[in-house]
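In: need a 3D model of the sequence below.
(chains A and B)
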Amino acid sequence: MNSRQRHPLKLPKIPIRVSEAHGSSPMEPTPQEPFSSHSPTYQALLRAGPRLRPLHQVHARILVSGLHCSLSLLTKLLTFACTAGAIDYTRRLLFSVPNPDSFLFGSLIRSASKSHLSTDAIFFYHRMLSARLKPSNYTFTSVIKACADLSALTVGRIIHSHVLVNGFGLDCFVQTALVVFYAKCGDWYSARKLFDRIPDRSVVAWNAMIAGYEQNGLAEEAIKLFHRMQAEGVEPDSATLVSLLSACSHVCALGLGQWVDTFIVDKGMDVNVVLGTSLINMYARCGHVQKAREVFDGFQERNVVAWTAMISGYGMNGYGNQAVELFHRMKTEGPLPNDVTFVAVLSACAHFGLVSEGREVFKSMKRDYGLAPRVEHHVCMVDMFGRAGLLDEAVRFIRDWIPGEPGPEVWTAMLGACKMHKDFDLGVEVAERLLAIEPENPAHYVLLSNLYALAGMTDRVEKIRQVMIHRGLKKNTGFSSVEINHVAHVFRNGDTSHPQTVEIRQYLEQLIYRIREAGYVPETDSVLHELEGEEREFALRFHSEKLAVAFGLMSTSNKTLIRIVKNLRICGDCHLAIKFMSVVADREIIVRDKHRFHHFKKGLCSCQDYW
DNA sequence: ATCATCCGTT
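Out: Here you go, the predicted model:
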């Protein structure tokens, strides 16, 4: 079967003789030279690279010169064809190979998985097993990566068992690939179990696990693991820092983010585009826009991603005009904006009531840049008109500009606008369309319920609650986190799990007493309609963002800026309460919610109560 | 002869 290994010299000799007979090239090697990479056909193949037409020509040459049995040539040809994305050609080629060996399959699987032809990689793996060839550790890393890209948990688990059967369970490359695979499939628990069993953990293994936590929304775990990596003396590289900065952005860990920045400078690390963009993003998402801009300005190779990150950073932090201004600068002196850039700009226009600007940007998208608007852009436009109170125009936009049936995202934006401007009739109509499309999404019921509550229709509110219970739909639980001394503390609504719960609640009660004296009246009308009067107020009192603010204030000295991150949108009552808190405690408080930043300072918020 | 990790919008 594996003739090349048993008779290593036999096959290479044949092609040389054959090509000599044809006298194909004056550069043909002399017979005493080994075949290997000096063969002119092989050289031609290397020159062709992953380009289809030159490959066809070399293929013809291989056939004519009788080299069609040379597995090394065919392997190279196959991998190039695969990298070129010509999957049908690759498959036909594979069928024409008389006795493909392990190495050929291994290379092919690797090319396929690297070229994002993941299903083909798995198909080739299957063919390899059918041919009774043994996969190597090299094969496994590639096919597992393919499973990871597809999040194919079941197939991946089977291949994991093949790994064990074939004795590669302790190969660190394979183990790292498996960690990535389980993490990408959302099974970070299995990923961690595997990670803990890797005997010699390389930087890449650490990076895989840290990135795995981060991608699964476990930013705190990512940060904890980074600290352990430090403790074990493993030197982080740029990939580690990229994931770490992303984790910092998620939990607003500015302290740690700044540490990363100085670390990069101290070590004289090369700041590539990815790392530079992560830094910009970290500063922007921690509410430090000026610093983000400094990094952006000092950064040489700014690509679309870096510009987009900076524009959206301005938008999120309440600087709508700067977002638009930077976008105009980008058009004259920066790279070409892409569709994501337009989402960032349009979103900034929507949030800051820049209606005519937004309209013009939307038009220019297709006209000047040939970019077709996607759902995200439609949502921004509906949001923009809706927030500005132009509900008719929002409806017209949906009717005239959105091809086909609008998706749930568009109706959600429309419903939000109806709620904001208290257009009850339109809101109910929109909500019904929404529920018809996505009857299982609890968020829609909550919005509709809020709408009924605003209209004072408590019987309908109750009815919706019954439907939700009946269908087993639960509201998304909110959480907020605050960073104190480089440690993120997470709070849920009504949370009592924090070791200092008693003190936090006492502090919060006092704080609420003080803001009530300053004129705060709880906004109880938009929440938990099943509760009455005082109960409602009590339910609001321990919202996660209030707990986080209280803990932040009591744990830090005067004048320290408090940064909170919340996974959902901040509620109206908390928004009002924190405005008062910023006065009575004389502190700046920044809350980053699902969509944007709220910089609370002296009783005002950067969002201008418009979010 | 080869191998695993990292970025932007809603």
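
In: tell me the secondary structure at A:Ser480.
Out: State at A:Ser480, reduced to three classes by DSSP: H, G, I helix; E, B strand; the rest coil: strand.

In: if I look at it, how far off is DNA strand B?
Out: 18 Å (CB to the nearest atom of the strand, to the nearest Å). Bear in mind the C-beta positions are built from the backbone N, C-alpha and C, glycine included.

In: over to A:Arg192?
Out: 15 Å.

In: pretty sure that residue is touching A:Ala205, no?
Out: No. A:Arg192 lies out of contact with A:Ala205 (CB atoms under 8 Å); the separation is 11.7 Å.

In: quick check, A:Gln322 in a strand?
Out: No. Going by three-state DSSP, the assignment for A:Gln322 is helix, not a strand.

In: who touches it in this structure?
Out: A:Tyr314 (CB atoms under 8 Å, 6 or more residues apart in numbering).

In: now for the residue lying closest to A:Leu390 once chain neighbours are set aside, how many residues are close by?
Out: Setting aside the residues directly before and after it, A:Leu390 is nearest to A:Val355 in space (CB to CB, 6 or more residues apart in numbering), at 7.1 Å. Counted by other CB atoms under 10 Å, the residues lying close to A:Val355 total 18.

In: tell me the spacing between A:Val355 and DNA strand B.
Out: Distance from A:Val355 to DNA strand B, by CB to the nearest atom of the strand: 17 Å.

In: need the pLDDT of that residue.
Out: According to the prediction, A:Val355 has pLDDT 94.

In: got the residues of the stretch 201-350 of chain A near DNA strand B?
Out: A:202-205, A:207-208, A:211, A:215, A:237-240, A:242-243, A:246, A:272-275, A:277-278, A:281, A:285, A:304-305, A:308-309, A:312, A:315-316, A:338, A:340-341, A:343-344, A:347 (CB under 7 Å from any atom of the strand).

In: re earlier: test my guess that the residue nearest to A:Leu390 contacts A:Gly389.
Out: No. Counting by CB under 8 Å, no contact exists between A:Val355 and A:Gly389, whose distance comes to 10.0 Å.

In: all strands for the stretch 201-350 of chain A, in order.
Out: Counting by DSSP state E, counting those that start in this stretch, the stretch 201-350 of chain A has no strands to list.

In: got it, and chain A?
Out: Applying DSSP state E to chain A gives strands spanning A:479-484, A:487-492, A:562-566, A:589-592, A:597-601, A:604-605.

In: among these, which comes closest to A:Arg293?
Out: strand A:597-601 (15.0 Å; CB to CB).

In: for that closest one, packing partners?
Out: helix A:572-584, strand A:589-592 (3 or more CB pairs under 8 Å, 6 or more residues apart in numbering; DSSP states H and E).

In: single out the most deeply packed of those.
Out: Of all the helices and strands packed on strand A:597-601, strand A:589-592 carries the top mean neighbour count, a mean of 24, counting by mean count of other CB atoms under 10 Å.

In: if we can go back for a sec, wait, what's in contact with the residue nearest to A:Leu390?
Out: A:349, A:384-385, A:388, A:390.

In: separation between it and A:Ser312?
Out: For A:Val355, the distance to A:Ser312 equals 19 Å [CB to CB, to the nearest Å].

In: pop the domain breakdown of chain A in here.
Out: Here chain A is described, according to automatic domain parsing, as comprising the domains A:398-475, A:479-605.

In: columns mean pLDDT and distance to A:Leu434 on top of the helices and strands packed on strand A:597-601, output as a markdown table?
Out: A markdown table is the format used below for the helices and strands packed on strand A:597-601 (pLDDT from 0 to 100; distance: least, CB to CB, whole Å):
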| stretch | mean pLDDT | distance to A:Leu434 |
| --- | --- | --- |
| helix A:572-584 | 91 | 21 |
| strand A:589-592 | 88 | 27 |
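
In: for DNA strand B, what are the nearby residues on the stretch 51-200 of chain A?
Out: Those residues of the stretch 51-200 of chain A that sit near DNA strand B, judged by CB under 7 Å from any atom of the strand, are A:72, A:75, A:103, A:106-107, A:110, A:114, A:136-138, A:141-142, A:145, A:148, A:171-174, A:176-177, A:180.

In: please narrow the residues you listed to those residing in helices.
Out: Using DSSP state H to define helices, the subset of those located there is A:72, A:75, A:103, A:106-107, A:110, A:114, A:137-138, A:141-142, A:145, A:148, A:172-174, A:176-177, A:180.

In: returning to what we had before: buried by neighbour count, from the residues of the stretch 201-350 of chain A next to DNA strand B: which ones?
Out: Buried by 16 or more other CB atoms under 10 Å: A:204-205, A:207-208, A:211, A:215, A:239-240, A:242-243, A:246, A:274-275, A:277-278, A:281, A:285, A:304-305, A:308-309, A:312, A:315-316, A:340-341, A:343-344, A:347, out of those.

In: list of residues touching stretch A:396-408?
Out: With CB under 8 Å, 6+ apart as the criterion, stretch A:396-408 contacts A:373, A:375, A:378, A:381-382, A:385, A:410, A:414, A:434, A:437-438, A:441, A:444.

In: could you list which of those residues also contact DNA strand B?
Out: A:Val375.

In: let me know the closest of the contacts of stretch A:396-408 to DNA strand B.
Out: A:Val375 (7.0 Å; CB to the nearest atom of the strand).

In: count residues in the vicinity of the closest one, would you?
Out: Residue neighbour count, defined by other CB under 10 Å, stands at 13 for A:Val375.

In: could you identify which of the domains of chain A is most buried?
Out: Using mean count of other CB under 10 Å, domain A:479-605 ranks as the most buried of these, with a mean of 18.

In: how much space between A:Glu440 and DNA strand B?
Out: Taking CB to the nearest atom of the strand, one finds A:Glu440 at 20 Å from DNA strand B.

In: how about A:Ile515?
Out: Note on A:Ile515: its distance to DNA strand B, by CB to the nearest atom of the strand, is 29 Å.

In: go on, A:Leu553?
Out: 27 Å.

In: rewinding a little: list only buried entries from the residues of the stretch 51-200 of chain A next to DNA strand B.
Out: Applying 16+ other CB under 10 Å to these flags A:72, A:75, A:103, A:106-107, A:110, A:136-138, A:141-142, A:145, A:148, A:171, A:173-174, A:176-177, A:180 as buried.

In: one step back: which of the contacts of stretch A:396-408 scores worst on pLDDT?
Out: pLDDT is lowest at A:Asn441 among those; the value there is 80.

In: give me the pLDDT value at the residue nearest to that one when sequence neighbours are not counted.
Out: In space, and not counting its chain neighbours, A:Asn441 is closest to A:Pro408: 7.3 Å by CB to CB, 6+ apart. Per-residue confidence (pLDDT) for A:Pro408: 88.
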